[in-house]
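**Q** Have a look at this prediction, sequence included:
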Protein chains: 4
Amino acid sequence: MTSTFEREVLVRFGHCDPAGIVFFPRYYELLNAFVEDWFYDGLGIDYATLIGARRVGLPTVQLQTSFERISRIGDRLMQRLWIERVGRSSLTLRVSFDGADGTRVSFGQVLVCTSLDTHQSQPFPDDVRAALVRAVQQQQSSEQ
Amino acid sequence: MTSTFEREVLVRFGHCDPAGIVFFPRYYELLNAFVEDWFYDGLGIDYATLIGARRVGLPTVQLQTSFERISRIGDRLMQRLWIERVGRSSLTLRVSFDGADGTRVSFGQVLVCTSLDTHQSQPFPDDVRAALVRAVQQQQSSEQ
Amino acid sequence: MTSTFEREVLVRFGHCDPAGIVFFPRYYELLNAFVEDWFYDGLGIDYATLIGARRVGLPTVQLQTSFERISRIGDRLMQRLWIERVGRSSLTLRVSFDGADGTRVSFGQVLVCTSLDTHQSQPFPDDVRAALVRAVQQQQSSEQ
Amino acid sequence: MTSTFEREVLVRFGHCDPAGIVFFPRYYELLNAFVEDWFYDGLGIDYATLIGARRVGLPTVQLQTSFERISRIGDRLMQRLWIERVGRSSLTLRVSFDGADGTRVSFGQVLVCTSLDTHQSQPFPDDVRAALVRAVQQQQSSEQ
């Protein structure tokens, strides 16, 4: 299945631990940056304005991770994102970070749309919903 | 069920994001530090020597997380750890970070014992296995 | 000269890099946590409330660092803090992280009191100023 | 004076603190990544191999920082690097991160070439020295 968004990332010195491989919490920083990139460059939603001026939050509520292979400094990982489900106020993603030898890490992530004033869930704003629906349609048509 | 190890942690400024709540990758840094504390203070295993001189790794291979309630700067969380299963070369843990209003985050974590020279899995060293078995027995006896 | 506040910290796996020593940006996370501890436990100021409800910021504006010796996983560092100068809206600190073999890192840090609404500098609130002045007096009397 | 290397970076959600601005330790992660990029893309030195297979370290020994203006999520900073001095085993850099309103942060950084086996300083390897000297010459010729 074709992913809806891809971007390469370099494994840096600062991602790696005394074992010489990526320290697993750093993968979550990469995941968050990748989802951010998807909003800016895939969905066309200004993430900074969404969080800042518009006070819309997107906290993660569920996250499953399989660490399948190790990554080392200097590795270039292809990050790939698939939309699994768009709900009224929640979004389920599948993300993988792949190296030359196969998937290094895969994530199943559920995000919820919240108000940053109340931290309560709320429906996605119309423009975000429209962009998500469009992305799902493109993903489905590319699968056929 | 009584946890096998507990430790309080302070939510710091540096853990929190522009939404004023813990940035989720920081929870994984806290998780790793907590498991480290458990080795030192619960199991009586010198984690630094294990990783360093003894070249034994404990990478995480599976991790499930539920982010149930938000945490803010200044919150004091009780971190609790249960051993779910001790295998020949793997260890399954359940960890929760609890606030006054209930569990904030809960983790199901599978770690594997590896050689840091080959990054291949290997059986737990005898002293680590003995400490884990002892901890499981204590956990079970406290449940009765 | 006797420091005004001290606290031990453990060098953790997650602080260290593929060279097996503390990755220098992690020292700044430790520095920030240490200054935070000083506010809570040395000055008796609730840092979380200061930043949160009271909307008072304490950004760093100048920072000089000497990395003098390396630190490794498992090292226990004594963190020490001296007040160099208390101004109307700024504070100059000297901090060192010391190991058994001497100072590992030393910092000269200038912080400024700001409003988190405008990000402009403002005089220290009265209670913070009073606590700082008291700490300076204690530091001076202990030097005699 | 023309910088010897430049690269834009996006201020991300994960860089920012509850005050809504970059948490200062994150600037040091950005600094380290930027110097890494300079090695790969400016100097043409494979940083991962240098650190990994070749066991050459480049720890920072002195670092002066001026935090001049705040940065917020979504800001795009131009990172600029100047070589101040190339010694036998040390390197002095000046780096600035600039926003539309001027310099946000500037760094004066001294790095030392070490052996990762002994953590003692050593002369730069010939290829690294040659690349540094070439970069200094280009920087000087562009200044005239």
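**A** Ah, there it is.

**Q** lowest-pLDDT helix or strand in chain A?
**A** helix A:126-143 (a mean of 93; mean pLDDT, DSSP states H and E).

**Q** Only the C-alpha atoms, please, for that helix, written as PDB.
**A** Once non-C-alpha atoms are left out, helix A:126-143 reads as follows in PDB (Å, rounded to 0.1, in the frame of the first residue of the first chain):
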ATOM      1  CA  ASP A 126     -13.200  22.100   8.900                       C
ATOM      2  CA  ASP A 127     -10.000  22.800   7.000                       C
ATOM      3  CA  VAL A 128      -8.100  20.100   8.800                       C
ATOM      4  CA  ARG A 129     -11.000  17.600   8.300                       C
ATOM      5  CA  ALA A 130     -11.200  18.500   4.600                       C
ATOM      6  CA  ALA A 131      -7.400  18.000   4.200                       C
ATOM      7  CA  LEU A 132      -7.500  14.700   6.000                       C
ATOM      8  CA  VAL A 133     -10.500  13.400   3.900                       C
ATOM      9  CA  ARG A 134      -8.600  14.500   0.700                       C
ATOM     10  CA  ALA A 135      -5.500  12.700   1.800                       C
ATOM     11  CA  VAL A 136      -7.500   9.500   2.500                       C
ATOM     12  CA  GLN A 137      -9.100   9.700  -1.000                       C
ATOM     13  CA  GLN A 138      -5.700  10.100  -2.600                       C
ATOM     14  CA  GLN A 139      -4.300   7.200  -0.600                       C
ATOM     15  CA  GLN A 140      -7.200   5.000  -1.600                       C
ATOM     16  CA  SER A 141      -7.000   5.900  -5.300                       C
ATOM     17  CA  SER A 142      -3.300   5.100  -5.300                       C
ATOM     18  CA  GLU A 143      -4.000   1.700  -3.900                       C
END
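
**Q** which residue ranges form the strands in chain A?
**A** A:5-10, A:56-57, A:60-67, A:76-86, A:90-99, A:102-112, A:114-115 (DSSP state E).

**Q** show me the contacts for A:R88.
**A** A:P123, A:F124 (CB atoms under 8 Å, 6 or more residues apart in numbering or on different chains). C-beta: built from backbone N, CA, C; applies to glycine.

**Q** Show me what from chain A comes close to chain D.
**A** Selection of chain A residues close to chain D by CB under 8 Å from any CB of the partner chain yields A:12-14, A:20, A:29, A:32-33, A:36, A:46-49, A:51-52, A:72-75.

**Q** ok, and which of the residues you listed reach chain C?
**A** The subset of the residues of chain A next to chain D within reach of chain C, counting by CB under 8 Å from any CB, consists of A:F13, A:G14, A:G20, A:I73.

**Q** any idea how far D:F97 is from the residue sitting nearest the centre point of chain A?
**A** Residue closest to the average C-alpha location in chain A (CA atoms, centre = their mean): A:V35, at 3.2 Å. The span separating A:V35 from D:F97 equals 24 Å under the rule CB to CB, to the nearest Å.

**Q** Count the neighbours of A:G99 for me.
**A** Under the neighbour criterion other CB atoms under 10 Å in any protein chain shown, A:G99 is assigned a count of 18.

**Q** Same check on A:E84?
**A** Around A:E84 there are 13 other residues, counting by other CB under 10 Å.

**Q** Verify the contact between it and A:S90 for me.
**A** No - between A:E84 and A:S90 there is no contact, the gap being 10.7 Å when judged by CB atoms under 8 Å.

**Q** so where is chain A shaky, pLDDT-wise?
**A** Scanning chain A for pLDDT under 70 picks out A:144.

**Q** Flag every residue of it that's near chain B.
**A** Residues of chain A found near chain B (CB under 8 Å from any CB) are A:18-21, A:23-26, A:28-29, A:31-32, A:51-52, A:57, A:59-68, A:70, A:116, A:119.

**Q** Report the contact partners of A:T103.
**A** By CB under 8 Å, 6+ apart, the contact set of A:T103 is A:E68, A:R69, A:S96, A:F97.

**Q** how much space between it and A:E68?
**A** With distances taken as CB to CB, A:T103 is found 5 Å from A:E68.

**Q** A:Q79 too?
**A** Taking CB to CB as the criterion, A:Q79 is separated from A:E68 by 14 Å.

**Q** quick one, which of these two is more surrounded?
**A** Each of A:Q79 and A:E68 has its neighbours counted (other CB under 10 Å); A:Q79 has more, 22 against 17.

**Q** Might one say that that one is in contact with A:E6?
**A** Yes - because the distance of 6.6 Å satisfies CB under 8 Å, A:Q79 is recorded as touching A:E6.

**Q** and the least confident helix or strand of chain A, what does it pack onto?
**A** Contact here means 3 or more CB pairs under 8 Å, 6 or more residues apart in numbering or on different chains; DSSP states H and E; on that basis helix A:126-143 packs against strand A:76-86.

**Q** List the buried residues for the strand it packs on?
**A** Judged by neighbour count (16 or more other CB atoms under 10 Å in any protein chain shown), strand A:76-86 contains these buried residues: A:L77, A:M78, A:Q79, A:R80, A:L81, A:W82, A:I83, A:V86.

**Q** between these, which is nearest B:V128?
**A** The closest of the buried residues of strand A:76-86 to B:V128 turns out to be A:L77 (CB to CB; 31.2 Å).

**Q** got a list of what the closest one touches?
**A** A:L77 makes contacts with A:E8, A:V9, A:V11, A:S71, A:F97, A:D98, A:G99, A:R104, as judged by CB under 8 Å, 6+ apart.

**Q** now A:E36
**A** Going by CB under 8 Å, 6+ apart, A:E36 touches A:Y47, D:R12, D:F13.

**Q** Pull the contacting residues for the last one.
**A** In other words, D:F13. Under the criterion of CB under 8 Å, 6+ apart, the contact partners of D:F13 comprise A:N32, A:E36, A:Y47, A:A48, A:I51, B:D17, B:P18, B:F23, D:I73.
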